[in-house]
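Q: The following comprises the amino acid sequence and a computationally predicted model.
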Amino acid sequence: MTARFITAPDKLPKADPEEVHSKILMVDVEWHDIESLAVLAMTRNIKYDFYLFGPTSIDTEWLDHAVEEAEAILINNSPDTERHGEIKHKLGKSPKSISMGTNADTVKVPMDYIVKQLEA
């Protein structure tokens, strides 16, 4: 099994203990970043569940579920996006949160985070 991309209202069934996936919530990620991760998933056997809370997402109950599931929360805080400001501010206080964007120190795009995880 490789990467899985999950959007509201979908939830994954109980995990098979043999098939452990890292779980990442991505908030307001750009479409081209998702495409890059999909290409990576097609070329390498990566075991990730990507929960996607996009610019038009409104299901906050699903978001709460994704936050609980996620090991890391990648938040797009680029200055050119002002979507979900309150949600991003609240999620940014979590120790699992990583700010992304042009002003971020280490993670500019989701691929930066995934590559670091694969290299570890």
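A: Perfect, I can see it now.
Q: Mind telling me which residue is nearest the centre of this structure?
A: For the chain, the residue sitting closest to the mean C-alpha position, by C-alpha atoms, centre = their mean, is M26 at 2.5 Å.
Q: Check for me that that one belongs to a helix.
A: No: read with DSSP: H, G, I helix; E, B strand; the rest coil, M26 is strand and lies in no helix.
Q: Let me see the confidence value for it.
A: pLDDT, M26: 94.
Q: right, and it touches Y48 too?
A: No: counting by C-beta atoms under 8 Å, M26 does not reach Y48; the two are 10.5 Å apart. The way it works is simple: take the backbone N, C-alpha and C, and place the C-beta from them, glycine included.
Q: Which residues in the longest helix anywhere in the chain does the neighbour count mark as buried?
A: Secondary structure of the chain per DSSP state H: the longest helix is helix 31-43. Within helix 31-43, the residues scored as buried using 16 or more other C-beta atoms under 10 Å are 33-34, 37, 40-41.
Q: repeat for stretch 39-55
A: Applying 16+ other C-beta under 10 Å to stretch 39-55 flags 40-41, 46, 48-54 as buried.
Q: Export it to PDB, keeping only CA atoms.
A: Output of stretch 39-55 as PDB, limited to C-alpha atoms (Å, rounded to 0.1, in the frame of the first residue of the first chain):
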ATOM      1  CA  VAL A  39       3.800  11.700  -8.100                       C
ATOM      2  CA  LEU A  40       6.100  10.800  -5.200                       C
ATOM      3  CA  ALA A  41       3.600   8.200  -4.100                       C
ATOM      4  CA  MET A  42       3.600   6.700  -7.600                       C
ATOM      5  CA  THR A  43       7.400   6.400  -7.800                       C
ATOM      6  CA  ARG A  44       8.200   5.300  -4.200                       C
ATOM      7  CA  ASN A  45       6.500   3.100  -1.700                       C
ATOM      8  CA  ILE A  46       5.600   5.700   0.900                       C
ATOM      9  CA  LYS A  47       3.100   4.800   3.600                       C
ATOM     10  CA  TYR A  48       1.300   8.100   4.400                       C
ATOM     11  CA  ASP A  49      -2.200   9.100   5.000                       C
ATOM     12  CA  PHE A  50      -2.700  12.700   3.900                       C
ATOM     13  CA  TYR A  51      -5.800  14.400   5.400                       C
ATOM     14  CA  LEU A  52      -6.600  17.400   3.200                       C
ATOM     15  CA  PHE A  53      -8.500  20.400   4.600                       C
ATOM     16  CA  GLY A  54      -8.500  22.600   1.500                       C
ATOM     17  CA  PRO A  55      -9.500  26.200   0.800                       C
END
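Q: Having no further points to raise, I will conclude here.
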